[in-house]
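*Asks:* fold the following, please.
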Amino acid sequence: TGVVPFVALLLLQRRPVAGRALLVTGPGCPGHSLCRSNVQEQTRRQVALLNATAQDLFSLYLKCQGEPFSSETDKLCNPNGAFFPAFRVNRTSERKEVMVAMYKLFAFLNASLGNITRDQEELNPTAKELLDRLHNTTKTTRGLISNLTCLLCKNYNIFQVDVSYGESSKGKSAFKKKQQGCQVLRKYVQVIAQAARLLLPHLSPP
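*Replies:* Purely as a prediction, here's the structure:
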């Protein structure tokens, strides 16, 4: 796969493709002067918010899918069935490496939430609370991506990152759409908890 500019990443939804970050150190980093003064603290709050609301989002999603998802959750929503980008950073990793890993994770999540929201608008159009939660989570994720873009540009002059996306659910049956969303959201609960635990210290003031 090629290197994808930040703006384009918000629009793409692709099949699983492994990607690597390309760290560009040139004069082409756009827009970093537009960073808000509190961008790092805002990023911390967004990660914490996503972590705090992930389990409730999954539980509400499960409730709205009905049977057999409610009674066979472990079987049908096995998180091992969901593709997620590799997450290989820890508290000893360099901050630059952490920021790139965060960007990859949340760019992937943004695309996955787009798939799930589209499917639920089709399958459960009257599930207002669920749809509101999905839209709010997506809004927070997009804000987080914007802040990470800013931090990467401002602090490290990184303005292009190659990322991985999940499988699109277009053309699948209603059951398969529900199952894919269930697997992704359950995996998300696990991954966001790990991300918050390992990455929030890197966003703390020095």
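
*Asks:* okay, CA-based contacts and neighbour counts for the rest of this
*Replies:* Noted.

*Asks:* which phi and psi does residue 160 have?
*Replies:* The phi and psi values for residue 160, taken as degrees, to the nearest 10, are phi -140, psi 130.

*Asks:* check the one 10 residues further on too.
*Replies:* For residue 170, the backbone dihedrals (degrees, to the nearest 10) come out as phi -60, psi 130.

*Asks:* how close does it sit to residue 115?
*Replies:* As judged by CA to CA, to the nearest Å, residue 170 and residue 115 stand 8 Å apart.

*Asks:* between the two, who's got more neighbours?
*Replies:* Comparing residue 170 with residue 115 by other CA atoms under 10 Å, the one with more neighbours is residue 115, at 20 against 10.

*Asks:* any idea of the pLDDT on the more buried one?
*Replies:* Per-residue confidence (pLDDT) for residue 115: 94.

*Asks:* now the host helix or strand of it: buried residues?
*Replies:* Per DSSP states H and E, residue 115 falls inside helix 95-123. With burial defined by 16 or more other CA atoms under 10 Å, the residues of helix 95-123 counted as buried are 95-96, 98-120, 123.

*Asks:* next structured bit after the lowest-mean-pLDDT helix or strand in the chain?
*Replies:* Each helix and strand of the chain was given a mean pLDDT (mean pLDDT, DSSP states H and E); the minimum falls on helix 6-9 at a mean of 40. Note on helix 6-9: by DSSP H and E, the next helix or strand toward the C-terminus is helix 39-65.

*Asks:* I'd like the distance between the residue nearest the centre of the chain and residue 94.
*Replies:* Centroid-nearest residue in the chain, with CA atoms, centre = their mean: residue 109, separated by 2.3 Å. For residue 109, the distance to residue 94 equals 23 Å [CA to CA].

*Asks:* show me the shaky parts of the protein.
*Replies:* When the per-residue scores of the chain are filtered using pLDDT under 70, the ranges that remain are 1-34, 202, 204-206.

*Asks:* residue 180 touches residue 169, doesn't it?
*Replies:* Yes - counting by CA atoms under 8 Å, residue 180 touches residue 169, with 7.5 Å between them.

*Asks:* comparing those two, which residue is more hemmed in?
*Replies:* Using other CA under 10 Å, the more surrounded residue of residue 180 and residue 169 is residue 180, with 26 against 19.

*Asks:* just the C-alphas of stretch 183-200, formatted as PDB.
*Replies:* In PDB, the C-alpha atoms belonging to stretch 183-200 read as follows (Å, rounded to 0.1, in the frame of the first residue of the first chain):
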ATOM      1  CA  GLN A 183     -16.800  -8.500  17.200                       C
ATOM      2  CA  VAL A 184     -15.300  -5.100  16.400                       C
ATOM      3  CA  LEU A 185     -16.900  -3.400  19.300                       C
ATOM      4  CA  ARG A 186     -16.000  -6.100  21.800                       C
ATOM      5  CA  LYS A 187     -12.400  -6.000  20.600                       C
ATOM      6  CA  TYR A 188     -12.500  -2.200  20.800                       C
ATOM      7  CA  VAL A 189     -13.400  -2.500  24.500                       C
ATOM      8  CA  GLN A 190     -10.200  -4.500  25.100                       C
ATOM      9  CA  VAL A 191      -7.900  -2.400  22.900                       C
ATOM     10  CA  ILE A 192      -9.000   1.000  24.200                       C
ATOM     11  CA  ALA A 193      -8.500  -0.100  27.800                       C
ATOM     12  CA  GLN A 194      -5.000  -1.200  26.900                       C
ATOM     13  CA  ALA A 195      -4.400   2.100  25.000                       C
ATOM     14  CA  ALA A 196      -5.600   4.200  27.800                       C
ATOM     15  CA  ARG A 197      -3.500   2.300  30.400                       C
ATOM     16  CA  LEU A 198      -0.300   2.500  28.300                       C
ATOM     17  CA  LEU A 199      -0.600   5.700  26.400                       C
ATOM     18  CA  LEU A 200      -2.100   8.200  28.800                       C
END
